[in-house]
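Asker: Based on what follows, work out the 3D shape:
(chains A, B, C and D)
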There are 4 protein chains.
Amino acid sequence: MYKIAILGASGYTGAELIRIIYNHPEMEIVVLAANSKAGQSMENVFPHLRSLKLPSLIKVDEVDFDNIDLCFCALPHKTSQEVIKRLPRQLKIIDLSADFRLRDPDIYEQWYGNNHQAHDLQEEAVYGLTEFYRTEIKAARLVAGTGCNAATGQYILRPLVKQGVIDLDNIILDLKCAVSGAGRSLKENLLHSELSEGTNAYSVGGVHRHLGEFDQELFKIAGRSVNIQFTPHLIPANRGILATAYVVGDSNEINKILSDRYKNEHFIHVLPLGETPSTHHVRGSNECHIGVVPDRIENRSIIIAALDNLTKGSSGQAVQNANLMLGIDETCGLNFVPIFP
Amino acid sequence: MYKIAILGASGYTGAELIRIIYNHPEMEIVVLAANSKAGQSMENVFPHLRSLKLPSLIKVDEVDFDNIDLCFCALPHKTSQEVIKRLPRQLKIIDLSADFRLRDPDIYEQWYGNNHQAHDLQEEAVYGLTEFYRTEIKAARLVAGTGCNAATGQYILRPLVKQGVIDLDNIILDLKCAVSGAGRSLKENLLHSELSEGTNAYSVGGVHRHLGEFDQELFKIAGRSVNIQFTPHLIPANRGILATAYVVGDSNEINKILSDRYKNEHFIHVLPLGETPSTHHVRGSNECHIGVVPDRIENRSIIIAALDNLTKGSSGQAVQNANLMLGIDETCGLNFVPIFP
Amino acid sequence: MYKIAILGASGYTGAELIRIIYNHPEMEIVVLAANSKAGQSMENVFPHLRSLKLPSLIKVDEVDFDNIDLCFCALPHKTSQEVIKRLPRQLKIIDLSADFRLRDPDIYEQWYGNNHQAHDLQEEAVYGLTEFYRTEIKAARLVAGTGCNAATGQYILRPLVKQGVIDLDNIILDLKCAVSGAGRSLKENLLHSELSEGTNAYSVGGVHRHLGEFDQELFKIAGRSVNIQFTPHLIPANRGILATAYVVGDSNEINKILSDRYKNEHFIHVLPLGETPSTHHVRGSNECHIGVVPDRIENRSIIIAALDNLTKGSSGQAVQNANLMLGIDETCGLNFVPIFP
Amino acid sequence: MYKIAILGASGYTGAELIRIIYNHPEMEIVVLAANSKAGQSMENVFPHLRSLKLPSLIKVDEVDFDNIDLCFCALPHKTSQEVIKRLPRQLKIIDLSADFRLRDPDIYEQWYGNNHQAHDLQEEAVYGLTEFYRTEIKAARLVAGTGCNAATGQYILRPLVKQGVIDLDNIILDLKCAVSGAGRSLKENLLHSELSEGTNAYSVGGVHRHLGEFDQELFKIAGRSVNIQFTPHLIPANRGILATAYVVGDSNEINKILSDRYKNEHFIHVLPLGETPSTHHVRGSNECHIGVVPDRIENRSIIIAALDNLTKGSSGQAVQNANLMLGIDETCGLNFVPIFP
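Answerer: Got it, this is the predicted structure:
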């Protein structure tokens, strides 16, 4: 059994890591840390975990990493880089924050506002989109989990950009995002009274930070800048991202490329042409469902992807990457059937 | 007091008409009809109306139209045309169905699948988008209420198409629609268990019937075909439509045109450039809020509109039109403050 | 037009007061105060009010009460008493906090933990349950709005306790409460992620503060202590309280007593024996619906009441009382038809 | 691998059985039947199962039971008895309907309205409340899954009735039930528009059919009639039952009895005295959480239990029983961590 530490266990992605790893046949949680709740039991912080035998929360500084095989870091960005740069340099780490997703310190500062504290680690880190960085992740010491929105959009776009079958200057991504993506933070707009029974856009106009990832990754694939339009909307649900992509390109070709690209991917399911997915049908699972529909306008296509932001969008992805880093079967512990209704 | 009949009072738009008209200072509900529930009290069909003094439901054929000043017809399409063509020819009628929105019988048949039974009335009917057909509505005998999605989208697009400030071949409308728009019909996908806690697209690819209205109306304004892309999504909420439009055009110019166009419109509110609306903030009201944001890509703009599909999107619009047809102040009885939370 | 001030206008009951009063034919909002948001426009604090012409928020200390006819105080308890004791002594005031509900300073301290700062006002204040204190309210200068749960339960219990038809030592009140009752405060358990899709009890075992009101009021009626059991539950909805009362007594008699008691009350509707109400059917209105059902066990009855906590449970009640205090028709401005769905 | 058939696989309990059994290390789904959807793929009926390799649906009459080790029957009551009486008499069966819960045919007819068609099987069947019928279930051929509400209530009441520590003539059970308990049926009150954002009681007054189970089981334990009061309420959530019991008895004693009774039960967790559970914290799991709180009135206690109606309340219970019947470890395949948020 590989010994696992989770730093930042008091947030939603931390809790989701515990949900996944607790029943993982090759992993064992030995350390849970969260500075603000240190000293508390997990049952106290997350009563849904009350039946589990789990270590109590300690401070990050109190963690003994000597016998840890792999460490998940589910801390907020900025904090994450400060913590990780002080961790043992041979420790395998998966960071779920935004801190190591971007390779370029200037671009990082541009999107996140702060000067990065660990440039060497930025260089070292591997981008954690499993299906596209599998080889690098297997060999990596530090993997940066992707943004949940960035993952959803890239599952649609990467194969199409690579094959050059869509107009790179006309890509629109309209996202519908459940609220758990915003974390457990106390903000007025996350209150039930403010959020249920309605919807609104946020970070409109190309200012959402996950665009940094799109820019970086699509540039790498295309060999040129690919500036997509990206508008997230908050929907009154707890889990799930639905990404609706509007592209210029042929639906049959697009559907074939996506189907071929993902036909051997265990967690990515491309639907028959004309069918579309729903976030209802991936909840609690590590699956991503993708559907392609031709528009009535020639050579325009709508491509829709659905995944659970807490699972395939963050903690499930993280465990999938951990499996690779530890030499375990990639799908191990991740075959949750979606929970419906 | 004008005497009002409502045909099809057992559906959500019927109930919303009652909610609005019951307190209207110049209107009085004297007839409520609904064939499937004839003989029942409204309290039985809609217990939230139990404290109101309302006539019981009768069959449409039993209605005596002699002393009716205006008749709202909230029947399903196809039924609506069959009923309306048999009504007295001098009766003022507002139809909330899709039956008289399209002028061309062939286009109607193309979108709705059935041969239209009242071509003369199709010709006579005035399209009920109040702010753009005010003069015609005042003089009309038969007004066709617009589709709720069609109204939301047109509030964004009409002034821009008219002023020629956006690329007419690159208009994308991504809608997030609450479930009451689907009516009170017993369909599996409308069950709480199937719909809550998630989202999905429907009628993807340019097959939603409201496109017929967009095509007709935008053609009239532009003098050429304007084929928009239009994808509705079902969100887990009961009221509200949020339309996110992606256009090619300058945000400052767009914002100015919309602000100018609507500055004297009582119910349409254009927000300061960069702000965006929410369906939470129009619930239960006859308001439409519109916000414009520049994208990071030059000359691309995102325009978002929010309204309550049952109020401004159908029954509120209908009463606003009825006010005009009866010579009452247009806003009379419609100044509901949005209900929040 | 009576000139109205609202102190504490940045909370939900403040916003609901504005929703109601804005269209009130005899009242005009001239002052809105909220210390924490002073200087902001109401549109900024509550965007759903953006189309209304409203004064900006000022500090409570900045309010000129000289030409105010009536002041609503929607501040938190403890703050409320400190503010109100400094207000002009001839000013008509309706307090929506808990500060003047309890007559006995010791009992107040016992439930609320702080020493009351305005004993004379505690004595002067009239308990604001309109249907039972109508005469006193008409003559009052200071009226204390009731707790929303306390109102719902008392509508069931008061007539029964008075008539002596139920066992006073076996009264159980199980409440299902929507979340807006908790206000706009930033608490983890009020986040959408924590609250939607589930339910739980709170303040279990007779520790909910509204019990102070039940104790005081039922004692007055019965001439002896009447200790009820009272358990509120938080349900994933924004508005509404459903109170399920379990009593020992005959259903026919109970139904008759309640029907008789409320038959002339404009806002209270007693359903036919055997029918039960729903919070869905009172949303946004000032109505309370009550239903009585006999249990299969002889002489046991279940009585269920539903109201909207923000309207009949607080701000609607407050305006109803204000009407009385100002000599206006009691129902004026309050005939909202419930909003459904 | 034991070969499993599921009859009635097109409903929610059927889908939940698939979710659980698909990853069960000792079971394999070889037959899925549902007459109304025979010929369809499961992906078509339940798109959330699209990534699973599952047999297509066939008619019940087409099932070859020869190599089936155990058959789950998730059909509606009445249909269930007709199907099961024609199944091979040596086949192990777990019925999830109400058809074999009641031993007495007259009582069955009284609650369900129809004459029972398989009296001998009624006698043979074992009541499926695992923790209380473990020995009998191990030896049983036919096990009747309990009502989900009946299970929740009995987890609270059985040990207390047995130990004689509560007044048997004063037991009130107030339930808050999520909507999936009503199944996938097309009923108006189950529509999202009708159900979300509010709550109401149903089957009030002792007419809910699960009372037949309470009567039967509590009589057996007490040796006398124990007529509880039982009122279910529909809450706007998809999974979960919260049962609030009001009893006359000492909380310390009650808490000790429950703690002792369940301390070795893997799935039942009794909280420390004074703490209460939430349906949020058991979602998707086979757990039941129970909390006891003393009321302020002496010798009165409130006991609250929470479970997921589709898991511990039906399909999880069924698999737990199947494990026993097949000689597998009772908890095998059932250790789902609750999914939160």
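Asker: Name the helix or strand for the nearest residue to A:Pro55 once chain neighbours are set aside, please.
Answerer: Excluding the flanking residues, the one nearest A:Pro55 by Cβ to Cβ, 6 or more residues apart in numbering or on different chains is A:Leu32, at 5.3 Å. Backbone N, C-alpha and C define where each C-beta goes, glycine included. Per DSSP states H and E: A:Leu32 is located in strand A:27-33.
Asker: Now do the contacts for the residue of the stretch 1-150 of chain A found nearest chain D.
Answerer: With Cβ to the nearest Cβ, the shortest gap between the stretch 1-150 of chain A and chain D falls at A:His48, namely 3.8 Å. Each residue near A:His48 by Cβ atoms under 8 Å, 6 or more residues apart in numbering or on different chains is listed here: A:Ala15, D:His280, D:His281, D:Val282, D:Arg283, D:Ser285, D:Val337, D:Pro338, D:Ile339, D:Phe340.
Asker: Let's see the pLDDT reported for whichever residue of the stretch 1-150 of chain A sits closest to chain C.
Answerer: Here the stretch 1-150 of chain A gets closest to chain C at one residue, A:Tyr12, 7.1 Å apart by Cβ to the nearest Cβ. Note on A:Tyr12: pLDDT of 98.
Asker: got it, and A:Leu218?
Answerer: The model's pLDDT for A:Leu218 equals 98.
Asker: Helix or strand: which one has the closest residue to it other than its chain neighbours?
Answerer: Leaving aside its sequence neighbours, A:Leu218 sits nearest to A:Val226 (Cβ to Cβ, 6+ apart; 3.8 Å). Under the criterion DSSP H and E, no helix or strand holds A:Val226.
Asker: All the helices of the stretch 101-250 of chain A, residue numbers only.
Answerer: Here the stretch 101-250 of chain A has its helices, by DSSP state H, counting those that start in this stretch, at A:105-112, A:119-124, A:130-139, A:148-163, A:192-195, A:210-222.
Asker: A:Gly14 contacts A:Ile4, correct?
Answerer: No - A:Gly14 is not in contact with A:Ile4 according to Cβ atoms under 8 Å; the separation is 11.9 Å.
Asker: Overlap in contacts, the two.
Answerer: A:Phe72.
Asker: neighbour count winner among the two?
Answerer: Ranked by neighbour count (other Cβ atoms under 10 Å in any protein chain shown), A:Gly14 and A:Ile4 place A:Gly14 first, with 27 against 24.
Asker: distance of the more buried one from D:Ser278?
Answerer: Distance of A:Gly14 to D:Ser278, computed by Cβ to Cβ, to the nearest Å: 19 Å.
Asker: residues touching the residue of the stretch 101-250 of chain A found nearest chain D, list them.
Answerer: Closest residue of the stretch 101-250 of chain A to chain D, Cβ to the nearest Cβ: A:Asn238 (4.4 Å). A:Asn238 sits next to A:Ala178, A:Val179, A:Ser180, B:Glu197, C:His192, C:Ser193, C:Ser196, C:Glu197, D:Pro341 when contact means Cβ under 8 Å, 6+ apart.
Asker: repeat for A:Lys176
Answerer: Applying Cβ under 8 Å, 6+ apart to A:Lys176 gives the contacts A:199, A:232-233, A:235, A:240-244, A:279, B:176, B:199, B:233, B:235.
Asker: Ok, A:Phe336 next?
Answerer: With Cβ under 8 Å, 6+ apart, A:Phe336 has these contacts: A:Ile20, A:Gly284, A:Ser285, A:Asn286, A:Thr311, A:Gly316, D:Asn23.
Asker: let's see 6 Å
Answerer: A:Gly284, A:Ser285 (Cβ atoms under 6 Å, 6 or more residues apart in numbering or on different chains).
Asker: Measure how buried the closest residue to A:Leu102 other than its chain neighbours is and give me the count.
Answerer: Leaving aside its sequence neighbours, A:Leu102 sits nearest to A:Tyr108 (Cβ to Cβ, 6+ apart; 4.5 Å). A:Tyr108 has 24 neighbours, counted by other Cβ under 10 Å.
Asker: Quick check: residues of chain A near chain B?
Answerer: Chain A has residues A:172, A:174, A:176, A:193, A:197-201, A:204-206, A:227, A:229, A:231, A:235-237, A:240, A:242, A:244, A:246, A:276, A:278-280, A:293-297, A:302, A:304, A:341 near chain B, with proximity defined as Cβ under 6 Å from any Cβ of the partner chain.
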